[in-house]
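Peer 1: Here you go, sequence then predicted model.
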Amino acid sequence: MATIIIDGQNYELPEGAKFNAIQAARHFGIEIPYYCWHPALSVVANCRMCEIEVGTQDATGEIKMLPRLTPGCQTPVRDGTVLVTDSSKVLEHRKNIMELLLINHPLDCPVCDQAGECGLQDYSYSHGRAEHRFVEERNVKPKKDVSDLIVLNTDRCIMCTRCVRFTREITGTAELQIMRRGDHGEIAIFPDQPLDNPLAGNVVDLCPVGALLDKDFLHNQRVWFLSKHDTVCTGCSTGCNISSEENAGKVWRHKPRHNPYVNDYWICDEGRYGYKAANAPDLLAGNFILDAGDHHGVATDRFFKRLNEDLTHRILDKQAVLAIFSPFLSVEEAYAAATWVKHLTNRSTLAMGPVPVVGQDQTFAPDKMTGRSGDTSFLMPRPFTISAEKVPNKAGVSLVLNQLQGSEPLNFDDALKQAESTPIVIVFGGSPNSDWITVDQAALLRKAERVILFDSTINALADTADYVAAIASFAEKAGSYVNRDHRLQHFEAALPTREGVWTLLDILAILSGNGRAPIQSRSILAEAAAKIPALSKAKDGAVPEFGVNLTGKDAPIPDAGFKDDWTLANLAQI
Amino acid sequence: MRSDDPSLKRLKPPKLTLFEQTYLPQILGGLVVTGRHIVNAAVGTGSLTMEYPEVQHQPSANYRGVHRLNKDEQGRVKCVACMLCATACPVHCIDIVGATAPESWTDREKYCQSFVIDELRCIYCGMCEEACPVDAIELTSFYDLTGLSREEMIFDKTKLLSVYDLTKKAEPMKSGIVAPDTDRTNELYTTPTTGPVIERQKLV
């Protein structure tokens, strides 16, 4: 067992851990400030913020300290390592570094979008000094567009080169580099070669200061107004962990959360800007019944009463039901809906909704050496995949349907064919895209006598269905998704439901007479876990932080959970 | 701070003498003040009330009344939409929509597209003025603000800027770009205004 000494106290390192001084100190709750280091990028040690006193204790117990300060990011800890992080020498050094980093930094925090989650602000407060001794003229560098989505304010840059290393080491596209040297150095792109790779938005999160900013979010909100909600991206079946940040009833941005088993520290731009669907002005806003060729808005209680009467009447006539489940439903919703349908009649068929596949899976597989120039000894590169399957929960919905039907669910094309010969078609939608069903497909479903739709957008089927019930959109519901690697992950609701609109779980509780709204997704998941063996790992509806692997056992990741200070979504939890 | 915090300094109230314990000196002292006001009011030199509205009250220089949005030398709104006033506001009566400034504004990159203050919700604490890094929002000495509806009392950017035009001479900006003008009443009560701004006539 390896023992290290930090600030005069002994600590036992965990088995198999390969930490540098920053990670080891953080592991034991001691903070070493840093800017340029990032757990997924190579070590360059150019910000000098993490410099501490380092020494070793030999077998006789004698401690020998190195004569000068050493960057913590470059210092591996092993048995006998001695770290001093709070001596006056270290504290004074941090003050000097802060002063140096701020020499050319403009004092425009009030108009800077990074203010409130800025590394310079935080460390100025905790490690800096109040006065500025530099009297020469400041070096003012220009503002540049590095892509259609990202703006680079070189005057605010501290040259940590995190963004440069990201494009070289993770995406392998290397759009960014440093131009010129020393005081004249600045980050730049080659002319006409913008920073437009599918993961480009991550450089905004990586930037510890306000140099790289997202044009989509620019000047819209102050970050301290935003409430963060831990959720899961619905853009594809990878299921990236994201933080959905909301204020005044609108989602303003998506930021990545760290999950070493899924997305590490990154998200793709498609997921990042996927938040816009949550604010779409044309979401379905109430319940409608088709009467004499026209849809009429009906109050929620009357709507469900009429729907129940109609269904009961037809079920007593022993009519068959075809139920179609969108892969955008959560596990809980799919379970509650399928259970309800099975209770209605035993002549029911369960089918899976359309699963759009766009192109091919795109994997970024960083390796320990390629593109990296600095120290890579602490790195554990993890791949990032953008899935071609653009739905979040195909695996979860199909395992629920499989269990409740006892066989594979029908696929969507077969379901369309069967609709003609089935009197009642019930569709549980939930896709954020209103084009999930085409006019032709809706016409095929319309051949059934009764079409009942639960959905959140106004789409081709909503135009023709007999009963149209509005349900909470993807941002308004909580639950869990199963991603393509069979990892069950919990997500929170980012917004309250729209006025007059209920979540599908609440609606099903009313329709089935089981329980009273509001329904907690956790209690439904607990029920499902008790009934479905494939979900048995989610006993009592509890899902751990990084999700639970339903089919196997996770390999332990010793550095899992290191929350990088400047990958912003994690800040709220510190 | 916790009540058992060791850095707290505990003070004991001074002990009263037997004479003071009768409270007679304090009662007599109070009566002397009351008497002085009675005499002053009766003789007429120290009257505490005034014939409002014929006589207008002149609030002190640091009075906190209706807000104004200051303009810079080029007549642009000074506000850079940093929303620190909205953050500092204890009653959340300020609503700002920020936007990227036009290219021609070389000195700033952000400005307020909309700036709305609910004057009825405001408690006139002056925290917004204190928070503002560019001296854009200031409280004027307007005190008798009235309106016929709640909507009328929700001041938008145009209205707040017009309050600045009304008061700029009488109450120069604290950073001082307008020459001070001591003839306050003229400016305040007779300046013609346009649009949905406060219109006040001198009441005589």
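Peer 2: Done, it's in.
Peer 1: contacts, neighbours, all on C-alpha from now
Peer 2: Fine.
Peer 1: which residues touch B:Gly126?
Peer 2: By C-alpha atoms under 8 Å, 6 or more residues apart in numbering or on different chains, the contact set of B:Gly126 is B:64, B:138-139.
Peer 1: Apply 7 Å and report the result again.
Peer 2: Residues counted as contacts of B:Gly126 (C-alpha atoms under 7 Å, 6 or more residues apart in numbering or on different chains) are B:64, B:139.
Peer 1: Relative to chain A, how far out is it?
Peer 2: Between B:Gly126 and chain A the distance is 19 Å, computed by C-alpha to the nearest C-alpha, to the nearest Å.
Peer 1: repeat for B:Cys125
Peer 2: B:Cys125 sits 21 Å away from chain A, going by C-alpha to the nearest C-alpha.
Peer 1: Give the burial count for that residue, as a bare number.
Peer 2: Other residues within reach of B:Cys125, judged by other C-alpha atoms under 10 Å in any protein chain shown, total 14.
Peer 1: any idea what the closest residue to it other than its chain neighbours is structurally, helix, strand or coil?
Peer 2: Distances taken as C-alpha to C-alpha, 6 or more residues apart in numbering or on different chains place B:Arg64 nearest to B:Cys125, at 7.4 Å, with adjacent residues excluded. Here B:Arg64 is recorded as coil under DSSP: H, G, I helix; E, B strand; the rest coil.
Peer 1: what ranges do the strands span in chain B?
Peer 2: Along chain B, counting by DSSP state E, strands occupy B:67-69, B:94-100, B:110-118, B:137-139, B:154-155.
Peer 1: closest one to chain A among the ones you listed?
Peer 2: Closest to chain A of the strands of chain B is strand B:94-100 (C-alpha to the nearest C-alpha; 5.6 Å).
Peer 1: quick one, longest helix in the chain?
Peer 2: With no chain named, the answer covers chain A. Secondary structure of chain A read by DSSP state H shows that its longest helix is helix A:300-316.
Peer 1: Hmm, no, I was thinking of chain B.
Peer 2: Max-length helix for chain B by DSSP H is helix B:24-43.
Peer 1: how about the residues of chain B near chain A?
Peer 2: B:80, B:82, B:98-100, B:110 (C-alpha under 7 Å from any C-alpha of the partner chain).
Peer 1: and the closest residue to A:Asn20 other than its chain neighbours, how many neighbours does it have?
Peer 2: Closest residue to A:Asn20 apart from its sequence neighbours, by C-alpha to C-alpha, 6+ apart: A:Pro76 at 4.3 Å. Close neighbours of A:Pro76, defined as other C-alpha under 10 Å, add up to 16.
Peer 1: ok, now A:Phe134?
Peer 2: Here the count is done by other C-alpha under 10 Å, and A:Phe134 has 12 residues near it.
Peer 1: For the longest helix of chain A, buried residues please.
Peer 2: Under the neighbour-count criterion of 16 or more other C-alpha atoms under 10 Å in any protein chain shown, helix A:300-316 has A:300, A:303-304, A:307, A:311, A:314-315 buried.
Peer 1: Give me the lowest-pLDDT entry from those.
Peer 2: Within the buried residues of helix A:300-316, A:Ile315 has the lowest pLDDT, namely 80.
Peer 1: check contacts around A:Phe19.
Peer 2: For A:Phe19, the contact set (C-alpha under 7 Å, 6+ apart) comprises A:76-77, A:378.
Peer 1: I'd like the residues you listed written out as JSON lines, with secondary structure and pLDDT added.
Peer 2: Formatted as JSON lines, these follow (DSSP: H, G, I helix; E, B strand; the rest coil; pLDDT from 0 to 100):
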{"residue": "A:Pro76", "secondary structure": "strand", "pLDDT": "91"}
{"residue": "A:Val77", "secondary structure": "coil", "pLDDT": "92"}
{"residue": "A:Phe378", "secondary structure": "coil", "pLDDT": "80"}
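Peer 1: A:Thr56: which of those is nearest?
Peer 2: Comparing the contacts of A:Phe19 against A:Thr56 with C-alpha to C-alpha places A:Val77 closest, at 9.7 Å.
Peer 1: Please report how far the residue in chain B positioned nearest to chain A lies from A:Pro381.
Peer 2: As assessed by C-alpha to the nearest C-alpha, chain A sits closest to B:Cys82 within chain B, at 4.9 Å. Using C-alpha to C-alpha, to the nearest Å, B:Cys82 is found at 39 Å from A:Pro381.
Peer 1: More neighbours: these two, which one.
Peer 2: Just comparing B:Cys82 and A:Pro381: by other C-alpha under 10 Å the higher neighbour count belongs to B:Cys82, 27 against 20.
Peer 1: The closest residue to chain B within the stretch 301-450 of chain A: what's its closest spatial neighbour, skipping adjacent residues?
Peer 2: Proximity of the stretch 301-450 of chain A to chain B (C-alpha to the nearest C-alpha) peaks at A:Pro432, 27.1 Å away. Nearest non-adjacent residue to A:Pro432, counting by C-alpha to C-alpha, 6+ apart: A:Ala277, 6.0 Å away.
Peer 1: contacting residues for A:Trp37?
Peer 2: Contacts of A:Trp37 (C-alpha under 7 Å, 6+ apart): A:43, A:45, A:73.
Peer 1: of all those, which comes closest to A:Glu420?
Peer 2: The shortest approach to A:Glu420 among those belongs to A:Val43, at 62.9 Å (C-alpha to C-alpha).
Peer 1: Which of the helices and strands in chain A ranks last by mean pLDDT?
Peer 2: Taking mean pLDDT, DSSP states H and E as the measure, helix A:300-316 is the helix or strand of chain A with the lowest mean score, a mean of 88.
Peer 1: Give me the contact list for that helix.
Peer 2: Residues outside helix A:300-316 that contact it (C-alpha under 7 Å, 6+ apart): A:287, A:345, A:511.
Peer 1: Could you give the separation of the next helix or strand after that helix from the chain centroid?
Peer 2: Once helix A:300-316 ends, the next helix or strand along the chain (criterion: DSSP states H and E) is strand A:321-325. Its chain's C-alpha centre lies 30 Å from the corresponding centre of strand A:321-325 when counted by C-alpha atoms, centre = their mean, to the nearest Å.
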